[in-house]
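**Q** Need coordinates for the below:
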Amino acid sequence: MMTLGTIFVSAHAATLQVTIENLAYSPAATTAKIGDTVEWINKDIVAHTATARNGDWDINIDAKESARLSLKKTGAIEYYCRFHPNMKGKITITP
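**A** Purely as a prediction, here's the structure:
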């Protein structure tokens, strides 16, 4: 791990996959590190979003498509689908 000011950057960032299928995120909760990428893979035939409740991101994910987000700060972030608010997920991001 190298230090850049007060930001820690992992030497080996990972890509975490969250599948969207049958109107659900799987896994619904995951842990990641700053610098990791989350890839949402939408296997449903309708569009979804991954919308952070704290306003950090709002990602559209078309049907049968995927979208990525690089994680830039720590915290436990809950997210949901704006089109299907019963869909909920959580990412806990550590240094």
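**Q** Now do the same for Ala32: helix, strand or coil?
**A** strand (DSSP: H, G, I helix; E, B strand; the rest coil).
**Q** could you show me where the helices are in the protein, in order?
**A** For the chain, no helices are identified by DSSP state H.
**Q** shaky segments in it?
**A** The model of the chain has pLDDT under 70 over residues 1-11.
**Q** From the chain's centroid, how far away is stretch 12-29?
**A** Relative to the chain's own centre, stretch 12-29 is displaced by 7 Å; criterion: Cα atoms, centre = their mean, to the nearest Å.
**Q** Tell me which residues of it come out buried.
**A** Leu16, Val18, Thr19, Ile20, Ala24, Tyr25 (16 or more other Cβ atoms under 10 Å). Where you see a C-beta, it was placed from the backbone N, CA and C, and this is true even at glycine.
**Q** now swap in stretch 52-69 and tell me
**A** Ala52, Trp57, Ile61, Ala67, Leu69.
**Q** Check those against Met87 and report the nearest one.
**A** Distance to Met87, by Cβ to Cβ, is smallest for Ile61 among the buried residues of stretch 52-69, at 11.1 Å.
**Q** thought Asp58 was touching Arg82?
**A** Yes: judged on Cβ atoms under 8 Å, Asp58 makes contact with Arg82 at a distance of 7.4 Å.
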